[in-house]
Each structure stands twice: as structure tokens, then as C-alpha cells.
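Trainee: Coordinates for the following, if possible.
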Amino acid sequence: MTNKRTLSIVLILTILLAVILPILLRDKNETPNQTLNIIVTIISTCASLLTLIIAILLFNKFGIETPLLEKNTSIVFEFIEELKKIRLFVNGKNYGLMLQLHNSSHTSFEEYYGERLIFSIEYLEGLKKIFKISESPFMPKTIHLKVDQLKFYILTMDIKDEDLDKYATVRVQGQSLIDVKFGRFNRKDMTLLEFLNIIDDIKTEIVNWINKHSNYPVDLNL
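Mentor: Numbering: from 1, shown residues only. Model prediction:
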């Protein structure tokens, strides 16, 4: 819509200038027919130039850019659909929270933002589908980098038994509760707020990418 409006404004301004300038700059000895011929010539030249510009734009549209963007869009939408299926459970000493990865507005969790988290050793397995989609060569890199922050590469189970109550555990819905082991995310303590920020960054990056590549306002159930 924006491109069409811009093109229309440029076309109108060009026609107005093509009509007004020859009249304003006409020589005293120039006849009305000569002025009219100049106007027609300018408009004709501008029309030819405009046709060339449109042809170039259409060439880009139906060249490699369009199928590539379609691939990008398809993989992003597939990722969104898979993201909406995931539920994480955070269990503390006297509370339990359910996190939806597609919904980062967990304002009711504010009192727990400072809670330190430990993650199930099966956490990565529970998120393997979104990680696999994210690894697609057609996934926009900006989104992939945000999703990559959900991964741990080292899970250290170096917390003493007497200190376990100081942490909240994170596991994926549907995974076994029997003999589950938990560890620290990449050898570091991660708070609930930090984890929620990672989730929020993913959602924000998805919306920004869609906004950038769409002429329509984004109204997704995210």
C-alpha cells in the first residue's frame, strides 16, 4: 500500500511539473502550440521512464527475492505455530508457574523475577522442534540468534542438596517427573527475569521481522 501511494504521488507531481514548468519558463516568442508540444514531450518521456522503473521493480519482485522471502516467511510462521505449543513449568519451594513461550507478558510473576533457575537435563529435548526449525537456512538470522539464547551448551549439576531449595526448577510440559535431574544454565545462575527477557526478545524479533517485510499491520495471536 505504501509503495503504491508513493508511486501515485510521484506520478502526480511529475505531471504537474511537466505542465507548469514549460508554461512558467516559456519564451516570449513561443507559441501556445510549441509550449503544448514541449509539455507532451516531457510527459511522454516521464511516462517512458516510469514504465522502465515499474519493469525493474517487477523484475525484482518476481526474481529471486520473492521465492526467498516466501521461504523465510513460511519458516517463520512454522516456528510461531510450534512455539505456541510449548509450555514450561517453573516450580519453586512454595509456588508453581506456567510459562508460554509465545506469551512473554508474565507481569503477574513480578514477585518471582529474582528467583534463580535450574533446568531439567531433558529441557533441550523438549524444545528440539523449535531448535530444528530455527536451524533452517531460511530462518532469518536475527530470529535464529535470539532463539539460540534458549539453548544451554553446558548444564552443571554442582548444586549441593542442601542448597536445592534456593532454586526453582524448569521443565517442559509432557516430560517425565521421575528421577529428573537439574543443573545450572551454562554454569551460571539465571534468574526468572533473565529467562523471560530471552523469551520476550524472540517474540519482539519475530514481530519486527514481519513488520519489516509486510505492508499490513501485524495482528498475530502471539
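
Trainee: How about the residue in this structure that sits furthest from its center?
Mentor: N29 (62.0 Å; Cα atoms, centre = their mean).

Trainee: Can you list the residue ranges for strands in this structure?
Mentor: 87-91, 96-100, 116-120, 155-156, 167-172, 182-185, 190-191 (DSSP state E).

Trainee: between the ones you listed, which one is nearest to P137?
Mentor: Nearest to P137, of all the strands of the chain, is strand 167-172, at 26.1 Å by Cβ to Cβ. (Each C-beta comes from the backbone N, C-alpha and C, glycine too.)

Trainee: what are the pairing partners of the closest one, and which direction each?
Mentor: Paired with strand 167-172 in the same sheet, following DSSP bridges, are strand 87-91 (antiparallel), strand 116-120 (parallel).

Trainee: re the thing from before, just tell me which of the strands of the chain ends up closest to S74.
Mentor: strand 96-100 (23.1 Å).

Trainee: mind listing what's buried in stretch 95-103?
Mentor: 97, 99-102 (16 or more other Cβ atoms under 10 Å).

Trainee: Contacts made by that stretch with the rest, please.
Mentor: Residues outside stretch 95-103 that contact it (Cβ atoms under 8 Å, 6 or more residues apart in numbering) are 80, 83-84, 86-91, 106, 109, 112, 130, 192, 196, 199, 202-203, 222.

Trainee: that older thread, save the buried residues of stretch 95-103 as JSON lines, and put in pLDDT too.
Mentor: Listed next are the buried residues of stretch 95-103 as JSON lines, based on pLDDT from 0 to 100:
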{"residue": "L97", "pLDDT": "93"}
{"residue": "L99", "pLDDT": "90"}
{"residue": "Q100", "pLDDT": "86"}
{"residue": "L101", "pLDDT": "79"}
{"residue": "H102", "pLDDT": "72"}
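
Trainee: which among these gets closest to I159?
Mentor: The shortest approach to I159 among the buried residues of stretch 95-103 belongs to L97, at 19.9 Å (Cβ to Cβ).
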